[in-house]
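Novice: below: sequence and its predicted model.
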Amino acid sequence: KQWYQRRVHGSASRARMGDTGRLFSYDTAVLAASGAVGSVTASCLTMPLTTAFTRLQLEDNRQAKGPITTMLELVRDEGFLTLYRGCQSTLLSISISNFVYFYSFHGLKKLTGAGSQNALKGLFFACTAGCINVLLTNPLWVVNSRLKMAGIAKDTPKYR
């Protein structure tokens with residue numbers, strides 16, 4: 001019972017740590033890692049669809065016949081692995097981005113002591129975490145987009 005009370009209500013040593021102790025906590029890191037793993041899993045499953053949409057948007061000579069037809073054409077012309085082109089950089093960007101988002105969201109909740117659920121507080125924390133995420137991870141997404149499309153067209157530079 002004592003372990004449960006310390007876990008739920010905190011200990012005296014945790015109270016002395018102040019705000020940074022609440023921000024840099026094991027629970028916040030676990031929640032952030034869970035969010036990152038979930039988003040990476042979802043991204044792996046939807047990567048072929050995302051590739052089809054990206055290619056339809058960026059290639060002028062490709063006619064929009066729908067995502068399934070586009071995926072089949074890409075596999076026929078370039079092979080199956082083209083549906084997962086840029087997978088490493090995309091998954092790295094998504095995992096870092098969602099880790100930052102979920103860590104910011106749950107860290108803000110702990111930092112402000114917002115234990116009770118409130119729609120307005122939740123919206124505020126989500127918007128703030130989203131802004132922090134975009135500001136910190138935007139360079140990753142720029143590099144990811146360039147790497148994903150590198151070398152597809154003849155005039156597109158190839159990155160190593």
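Specialist: Received the coordinates, thanks.
Novice: which strands and helices lie in contact with the helix or strand containing residue 105?
Specialist: Assigned by DSSP states H and E, residue 105 falls within helix 87-112. When contacts are defined as 3 or more C-beta pairs under 8 Å, 6 or more residues apart in numbering; DSSP states H and E, helix 87-112 packs onto helix 19-23, helix 26-58, helix 119-149. The C-beta positions use only the backbone N, C-alpha and C, and glycine is treated the same way.
Novice: out of those, the one nearest residue 65 is which?
Specialist: Residue 65 lies closest, by C-beta to C-beta, to one member of the helices and strands packed on helix 87-112: helix 26-58, at 8.8 Å.
Novice: and the closest one, what's buried?
Specialist: Residues of helix 26-58 classed as buried: 28, 31-32, 35-36, 39-40, 43, 47-48, 51-52, 55 (neighbour count, 16 or more other C-beta atoms under 10 Å).
Novice: now the element after that helix, going C-ward?
Specialist: In N-to-C order, the element after helix 26-58 by DSSP H and E is helix 67-78.
Novice: that next one: how far from the chain's middle?
Specialist: Between the centre of helix 67-78 and the centre of its chain there are 26 Å (C-alpha atoms, centre = their mean, to the nearest Å).
Novice: buried set for that helix?
Specialist: Going by neighbour count (16+ other C-beta under 10 Å), the buried part of helix 67-78 is 67, 70-71, 74.
Novice: just give me how far stretch 78-92 sits from the chain centre.
Specialist: Centroid separation for stretch 78-92 versus its chain: 16 Å, with C-alpha atoms, centre = their mean.
Novice: buried ones in it?
Specialist: The neighbour-count check on stretch 78-92 (16+ other C-beta under 10 Å) flags 82-83, 85-86, 89-91 as buried.
Novice: okay, residue 3: pLDDT?
Specialist: As predicted, residue 3 sits at a pLDDT of 47.
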